[in-house]
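*Asks:* Task: produce atomic coordinates for the following.
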Amino acid sequence: MRSRSPYDIANFTTESFAALLATGNHVVALVAVGSVEPHGPHLSLITDTVISEAVAARAAVLIAGLSGHSLSPVIAPSVNYGVTDCAAGFAGALSISAEALTMYLRAVAAALRGAGCRVVCFINNHLEPEHDRAVRAAAGPGVIVACPLTRKWARTLSAEFKSGQCHAGEYETSIILAAEPSLVQQSTQAALPVVPISLSEGLAAGKNTFAAMGMAHAYAGNPAAATAAEGHEMIERLAAMVVTEVVSEITGA
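*Replies:* Numbers count the residues shown, from 1 in each chain. All right, here's what the predicted structure looks like:
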């Protein structure tokens, strides 16, 4: 079993959650969003969710440590399913419709806001464009999305990420090595050749599936070069993204 952050909602009872609300602090609900999607022959099908959960755990620590904002983070249950049409044809690709995802996220946000959370932040690391649009469509007053697809945050990440050659490559594999190394088939990872295919360029050219882009094994980039050290650094940068988005929502900046 994965270890839980002390800010995980699983650690609360109804009494302790009521006590948190009674402090008068702004309660910030962090919701990891991911997918069930093939990530090469070396990474778990729930890679995107694990990345978002790792970022949520680190962001919660940073938010709790902020001074001058009276923020109390809570890590709400993750949303594990998403739009994974790009992975069509590969075993383990479980896709739901964009409409269903947006409706569900809106309902989750409404429940959390109704329970007293000042801000709900969906932390999304499944970067399929249709999925990203579906997640962003759930945003509204007090409901925000933190996702590195925006140029502002993409430029803070690794060279591989910025190249678009980053599906189960060095970038994502590094983060999983840092967050949950048991989910990396490391002997397989070490032997994988570089696949120099940019997903962003492929999508721009109208190639809407991994197969059409030539990703025969559902990965792109250089997973063999991944390190836990790089993963920790990427988690830190992604967590900083979340903190900035939350503070901006609270302050109206």
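*Asks:* So which bits of the helix with the most length in the chain are buried?
*Replies:* Assignment by DSSP state H gives helix 228-251 as the longest helix of the chain. Using 16 or more other C-beta atoms under 10 Å as the test for burial, helix 228-251 gives 228, 230-235, 237-247, 249-250. Heads up, the C-betas are built off the backbone N, CA and C, glycines and all.
*Asks:* Also stretch 155-175?
*Replies:* Buried residues in stretch 155-175, counted by 16+ other C-beta under 10 Å: 157-158, 160-161, 163-175.
*Asks:* Next step: those restricted to strands.
*Replies:* Using DSSP state E, no member of these falls in strands.
*Asks:* So, low pLDDT: which residues of the chain?
*Replies:* 1-2, 253 (pLDDT under 70).
*Asks:* Show the residue spans covered by the strands in it.
*Replies:* All strands of the chain, identified by DSSP E, fall at 26-33, 71-79, 119-124, 143-146.
*Asks:* Would you format these as a markdown table with mean neighbour count and distance to residue 46 included?
*Replies:* Shown next, in a markdown table, are the strands of the chain (neighbours: other C-beta atoms under 10 Å; distance: least, C-beta to C-beta, whole Å):
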| stretch | mean neighbour count | distance to residue 46 |
| --- | --- | --- |
| strand 26-33 | 26 | 10 |
| strand 71-79 | 21 | 9 |
| strand 119-124 | 27 | 14 |
| strand 143-146 | 22 | 19 |
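*Asks:* need those in TSV with distance to residue 42, can you?
*Replies:* Listed next are these as TSV, based on distance: least, C-beta to C-beta, whole Å:
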stretch	distance to residue 42
strand 26-33	22
strand 71-79	22
strand 119-124	23
strand 143-146	27
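*Asks:* who wins for proximity to residue 9 among these?
*Replies:* Residue 9 lies closest to strand 71-79 among the strands of the chain, at 5.4 Å (C-beta to C-beta).
*Asks:* Run through the neighbouring helices and strands of the closest one.
*Replies:* On a contact count with 3 or more C-beta pairs under 8 Å, 6 or more residues apart in numbering; DSSP states H and E, strand 71-79 meets helix 14-22, strand 26-33, helix 47-64, helix 98-114.
*Asks:* TSV for those, including distance to residue 194?
*Replies:* TSV is the format used below for the helices and strands packed on strand 71-79 (distance: least, C-beta to C-beta, whole Å):
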stretch	distance to residue 194
helix 14-22	48
strand 26-33	29
helix 47-64	19
helix 98-114	32
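*Asks:* Quick one: closest of those to residue 142.
*Replies:* Nearest to residue 142 among the helices and strands packed on strand 71-79 is helix 98-114; the distance by C-beta to C-beta comes to 5.7 Å.
*Asks:* helices or strands next to the closest one in the packing?
*Replies:* Helix 98-114 sits against strand 26-33, strand 71-79, strand 119-124, helix 129-136, with contacts defined as 3+ C-beta pairs under 8 Å, 6+ apart.
*Asks:* And the ones you listed: which comes nearest residue 144?
*Replies:* Nearest of those to residue 144, taken as C-beta to C-beta: strand 119-124 at 5.2 Å.
*Asks:* Quick one: distance of the closest one to the chain centre.
*Replies:* On the basis of C-alpha atoms, centre = their mean, to the nearest Å, strand 119-124 is displaced by 10 Å from the centre of the chain it belongs to.
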